[in-house]
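> Structure here, sequence nowhere to be found:
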């Protein structure tokens, strides 16, 4: 990877890291296309991670095909969203301070966080 260190994607509770290499390549390309630095706030999550253990079905983070990217302003948020859509990311969540991107194989979806 050109823009990231693999350790940035370690599970914050277990230290495990089972990120999908193809996803990481796509994320690296997204960073290249956006032309601004990314801070990864969440990458891989072990199924035992407190956020995942509450769910009926583990999320995309447990499959190593998701990342949450810190975004500090509306201009970067817009650019990141447009670029992610155009590159074929199929799961996109928009929060106040981060954007979630993933490459799920089910129906593409966009959501917001409360």
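Thanks, I have it. Owing to the predicted nature of the structure, the values given are computational and were not obtained by experimental measurement.
> and residue 64, how many neighbours?
22 (other CB atoms under 10 Å). All C-beta spots, glycine's among them, are computed from the backbone N, C-alpha and C.
> Against residue 101, how distant is the residue sitting furthest away from the middle of the chain?
Residue farthest from the centre of the chain, counting by CA atoms, centre = their mean, is residue 56 at 20.2 Å. Look at residue 56 and residue 101: by CB to CB, to the nearest Å, they are 22 Å apart.
> for residue 83, same thing?
Distance from residue 83 to residue 101, counting by CB to CB: 10 Å.
> Tell me the residues that contact both of these two, please.
Common contacts of residue 83 and residue 101 (CB atoms under 8 Å, 6 or more residues apart in numbering): residue 30.
> So for those two, which residue has more residues nearby?
residue 101 (26 against 18).
> who touches that one in this structure?
Residue 101 neighbours (CB under 8 Å, 6+ apart): 27, 30, 66-67, 69, 84, 89, 91-92.
> Helix, strand, or coil at residue 80?
helix (DSSP: H, G, I helix; E, B strand; the rest coil).
> Now for it, how many residues are close by?
So residue 80, with other CB under 10 Å, has 24 neighbours.
> Centroid-nearest residue for the protein?
residue 67 (1.6 Å).
> how close does it get to residue 56?
In terms of CB to CB, residue 67 sits 22 Å off from residue 56.
> now the end-to-end length of stretch 3-13.
End-to-end distance of stretch 3-13 (CA to CA, to the nearest Å): 24 Å.
> So for it, mean pLDDT?
For stretch 3-13, mean pLDDT is 97.
> Pull out the buried residues from it.
Buried residues in stretch 3-13, defined by neighbour count with 16 or more other CB atoms under 10 Å: 4, 8-11.
> and if you look at stretch 35-53?
For stretch 35-53, using 16+ other CB under 10 Å, the buried residues are 38, 40-46, 49, 52.
> do stretch 22-37 as well
Those would be 23-24, 26-27, 30-31, 34, for stretch 22-37 by 16+ other CB under 10 Å.
> And stretch 68-86, by the same measure?
Of the residues in stretch 68-86, those buried (16+ other CB under 10 Å) are 68-69, 71, 76-77, 80-81, 83-84.
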